[in-house]
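Trainee: Just the structure for this:
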Amino acid sequence: MKLYTSTEDMRLVFAEILDAPLRTARSEPDEDTFSIDPHAVGQPMFGFGGNLTDTEVYHLTRMKPATRKAVLKALFDPEEGAGWSFLRLPLGSSDWERNLDFYTYDDMPPGEKDWELARFSIRRDEERGYFDLLREVSESYPEVRYVGTVWAVPGWMKSTDNILGGIFLPEYTEVYARYLRLAVQAFERRKVHLDAVTIQNEPMSSDFPNACRQSPATRFTWRLERDVLVALRREFDTCGITTQIWAYDHNYDMANIFVDPLLKDEAARRAIDGIAFHAYRGDPRVLERYAREAPDLALHSIEKTVADPNGMDEVLRQLRFGARSYLLWSFLQDNYGGPHQLLGGPFKYLHETRKGAVYCMVSDPDEWHVSATYALFGIISRFVRRGMRVVGAKYGHRRWITQASFADEAGNIVSILVNQTGEPQRCVLRIGNLEQELSVPPRSVSACVIDAKEREAPEPRTPAAPEKSITEPPRFDMTPVMLWSETPLVAGQEALFCVTLKNVGNASTPVNMTAAVDFLLDGDFRIARAYGTIPPLNPGETCVLRANTPLPDVAGTGVKTTWTAVPGVHELMALLNIGNCWPPEENEYNNRLCVEAEIQNA
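Mentor: Numbering: from 1, shown residues only. You can find the predicted model right below:
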């Protein structure tokens, strides 16, 4: 058995720190033991990597060929690099773009339409060296797979008649499906096969009335997306295209009001092959439900940068819950985090500096460095290969060690161990009657590799290990978010926003703990707040917070804490922020939950 480690301080990067044989177990597993059950088999892995935005294309194409070759080797080489095997590609501009020079594959002057897609062209991609770069990757690393994503539908298909913001107009459903099919075929002609596509990045992020989003984006409701998915499936089937179709492409927190109705719709269900998620908000445990309810659909986590051991634990949790892949967001920036664009502001996004896997100097792209993100995430991407399946073993505890284990068809096992604490942590890894004691360095990610030849034949079932007993600080769930009124809600009635908070930790809340819950209705920015002190809550106990503070809108004027009901189905969301909570890293525990409220006519 071998143990490879990367530490957050990068003193160790893919370093082998142990090479020792498994030994016969001396006793029953205790709480410090991870018992691996290779017979409890989960989903196969698809790949790990990042999002190849124009930021990456800009830097890589400015490098000298030898420099670029070295960077690609560091990222994609399975033996001497991080072993990345999966990239997400923008179809047109993403929201990280040099000079804010946004484009789609069929841009038209204001007021003009192109129903026949006669102006469709990927010339802008070619001019930037996009396909030359992709061919270089594919020729050297043919195992790399690609998913294509649209950030903005052509403006003339949207309410804004502009690439920025706007909602998709349903009369263009069939046209847009042809547009996507043409994009897939254009990539194929340039020797880049798209294994999957999503029709819209973050379909619920655009067209918020008060958010003033000024970036390539398009708002889709689930019904609008359903119609495009069905039309796209017809296009693919008619043309014999094998590219998969993945739905959603947004955060976990809003999946229940978008993914759930898609899966209940028979036409949509037949059209899709998988579901893509982003990990910025929400509880990834929703993956467990979708894996159970739709086992034939592949689940993928395809956007969020993680830069420390805590973030790597997020990756492991999603893989344990059912994800088959994980992609970092933009992974190669300059030392100021650029070039990019965010919500209409061309500025240096300094808190992103050096959080990508690789960064180069803004003055000299041939001077490049790898980051802690590269070293830590690379342990996962290098050792957990495509086709490996999740196997049974307890999760552990973030104040000790957390883990996820994988096995390939030959019987080789890889256990990824994350130590988020500042001290070395001891554990025992056991399979059958064999085990090995490990010391996992502080703030690190490690891969324990067990060769199939080391395992017993026949192998007895591994006895289960008890859970690690560690006091967990208070954590909160919001069940449910609601519009509160004395009687069933009808149109014209005033309703108050409120939420029930439940302590789902295993410790009681401290005295004078404060909470703020911001409420959002129908995509509006935060419109009301419930703020107050949480009464002492034992584990499992609840309290109710009702909105008591109007929040200013963009113009600076306050809004009421109540809402005058209008007929229809409405999206109600809430964002939770807990203050003065122990330990310090719990101070901003965020949770967002979406529900739909059906309001009847009076």
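
Trainee: What lies in contact with the host helix or strand of V445?
Mentor: Secondary structure from DSSP states H and E places V445 in strand 444-450. Strand 444-450 is contacted from outside by 1-8, 12, 17, 22, 309, 312, 376-377, 379-380, 382-384, 412-419, 429, 431, 436, 438, 440, using C-beta atoms under 8 Å, 6 or more residues apart in numbering. C-betas here are computed from N, CA, C, even on glycine.

Trainee: Narrow these to those in strands?
Mentor: Residues from the contacts of strand 444-450 lying in strands, with DSSP state E as the criterion: 2-7, 17, 413-419, 429, 431, 436, 438, 440.

Trainee: Buried ones only from those residues, please, as a PyMOL command.
Mentor: In PyMOL, a selection of the buried entries from the ones in strands among the contacts of strand 444-450 looks like this (16 or more other C-beta atoms under 10 Å):
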select buried, resi 3+4+5+6+7+413+414+415+416+417+418+419+429+431+436+438+440
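
Trainee: Identify the residue nearest R181 in space, chain neighbours excluded?
Mentor: In space, and not counting its chain neighbours, R181 is closest to E235: 4.1 Å by C-beta to C-beta, 6 or more residues apart in numbering.

Trainee: Next, work out how far apart that neighbour and R426 are.
Mentor: Here E235 is placed at a distance of 56 Å from R426 (C-beta to C-beta, to the nearest Å).

Trainee: go on, L328?
Mentor: Distance, L328 to R426, by C-beta to C-beta: 30 Å.

Trainee: neighbour count winner among these two?
Mentor: Neighbours were counted for L328 and for R426 using other C-beta atoms under 10 Å; L328 has more, 26 against 11.

Trainee: Could you tell me how many residues sit around the spatially closest residue to I413 that is not a sequence neighbour?
Mentor: Setting aside the residues directly before and after it, I413 is nearest to I450 in space (C-beta to C-beta, 6+ apart), at 4.3 Å. I450: 23 surrounding residues under other C-beta under 10 Å.

Trainee: what mean pLDDT does the strand holding V445 have?
Mentor: Averaged over strand 444-450, pLDDT sits at 98.

Trainee: wouldn't L229 be in contact with A268 here?
Mentor: Yes: taking contacts as C-beta atoms under 8 Å, L229 lies within contact range of A268: 5.6 Å.

Trainee: higher neighbour count, these two?
Mentor: L229 (25 against 22).

Trainee: what are the phi and psi values for that one?
Mentor: When read as degrees, to the nearest 10, the backbone of L229 gives phi -60, psi -40.

Trainee: Tell me who's in contact with it.
Mentor: L229 neighbours (C-beta under 8 Å, 6+ apart): 199, 245, 247, 262, 268, 271-272.

Trainee: can you give me phi and psi for the residue lying closest to it once chain neighbours are set aside?
Mentor: The shortest distance from L229 to any non-neighbouring residue, by C-beta to C-beta, 6+ apart, is to A271 (4.3 Å). Main-chain dihedrals, A271, degrees, to the nearest 10: phi -80, psi -20.

Trainee: from now on call the first residue 32
Mentor: Fine by me, first position is 32 from now on; the one you just mentioned is A302.

Trainee: Quick check, pLDDT for A302.
Mentor: On the pLDDT scale, A302 gets 98.

Trainee: who's in contact with it?
Mentor: 257, 260-261, 263-264, 276.

Trainee: Quickly name whichever of these is closest to A388.
Mentor: Distance ranking of the contacts of A302 against A388, using C-beta to C-beta, places I276 first at 28.3 Å.

Trainee: Buried residues in the helix or strand hosting that closest one, which are they?
Mentor: Here I276 sits within strand 275-282, counting by DSSP H and E. The neighbour-count check on strand 275-282 (16+ other C-beta under 10 Å) flags 275-282 as buried.

Trainee: any chance of these in JSON lines, with pLDDT and distance to K425 too?
Mentor: Listed next are these as JSON lines, based on pLDDT from 0 to 100; distance: C-beta to C-beta, whole Å:
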{"residue": "Q275", "pLDDT": "98", "distance to K425": "33"}
{"residue": "I276", "pLDDT": "98", "distance to K425": "36"}
{"residue": "W277", "pLDDT": "98", "distance to K425": "31"}
{"residue": "A278", "pLDDT": "98", "distance to K425": "32"}
{"residue": "Y279", "pLDDT": "98", "distance to K425": "30"}
{"residue": "D280", "pLDDT": "97", "distance to K425": "32"}
{"residue": "H281", "pLDDT": "96", "distance to K425": "31"}
{"residue": "N282", "pLDDT": "92", "distance to K425": "27"}
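
Trainee: Taking their axis directions, the strand holding V476 and strand 33-38 sit at what angle?
Mentor: 170 degrees (axes from the mean of the first three to the mean of the last three C-alpha atoms, to 10 degrees).

Trainee: For the stretch 232-381 of the chain, give me the ranges with low pLDDT.
Mentor: 237-245, 371-381 (pLDDT under 70).

Trainee: ok, which stretches of it are strands?
Mentor: 275-282, 305-309, 329-334, 356-361, 363-365 (DSSP state E, counting those that start in this stretch).

Trainee: tell me which strands and helices the fourth one is in contact with?
Mentor: Packing partners of strand 356-361 (3 or more C-beta pairs under 8 Å, 6 or more residues apart in numbering; DSSP states H and E): strand 78-82, strand 117-121, strand 329-334, helix 340-352, helix 403-414.

Trainee: Likewise for the third one?
Mentor: Contacts of strand 329-334 with other secondary structure elements, assessed using 3+ C-beta pairs under 8 Å, 6+ apart, are made with strand 176-180, strand 275-282, strand 305-309, helix 317-324, strand 356-361.

Trainee: residues in contact with the last one?
Mentor: Outside strand 356-361, the residues within contact range by C-beta under 8 Å, 6+ apart are 76-82, 84, 86-87, 117-119, 127, 331-337, 346, 349-350, 371, 387-388, 404, 408, 411.

Trainee: pull the CA atoms of that strand into CSV?
Mentor: Taking C-alpha atoms only, strand 356-361 is exported to CSV below (Å, rounded to 0.1, in the frame of the first residue of the first chain):
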residue,chain,number,x,y,z
SER,A,356,-17.3,14.3,-12.1
TYR,A,357,-16.0,17.5,-10.7
LEU,A,358,-14.8,20.6,-12.7
LEU,A,359,-13.1,23.6,-11.3
TRP,A,360,-14.2,27.0,-12.6
SER,A,361,-11.6,29.1,-14.6
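
Trainee: Test my guess that V521 contacts T595.
Mentor: No: contact criterion C-beta under 8 Å: V521 and T595 do not qualify, at 11.0 Å.

Trainee: The two - which one has more neighbours?
Mentor: Comparing V521 with T595 by other C-beta under 10 Å, the one with more neighbours is V521, at 14 against 10.

Trainee: how close does the more buried one sit to S124?
Mentor: Taken as C-beta to C-beta, the span from V521 to S124 is 45 Å.

Trainee: picking that back up, can you redo the strands of the stretch 232-381 of the chain as a markdown table with distance to E157?
Mentor: Formatted as a markdown table, the strands of the stretch 232-381 of the chain follow (distance: least, C-beta to C-beta, whole Å):
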| stretch | distance to E157 |
| --- | --- |
| strand 275-282 | 25 |
| strand 305-309 | 26 |
| strand 329-334 | 25 |
| strand 356-361 | 21 |
| strand 363-365 | 21 |
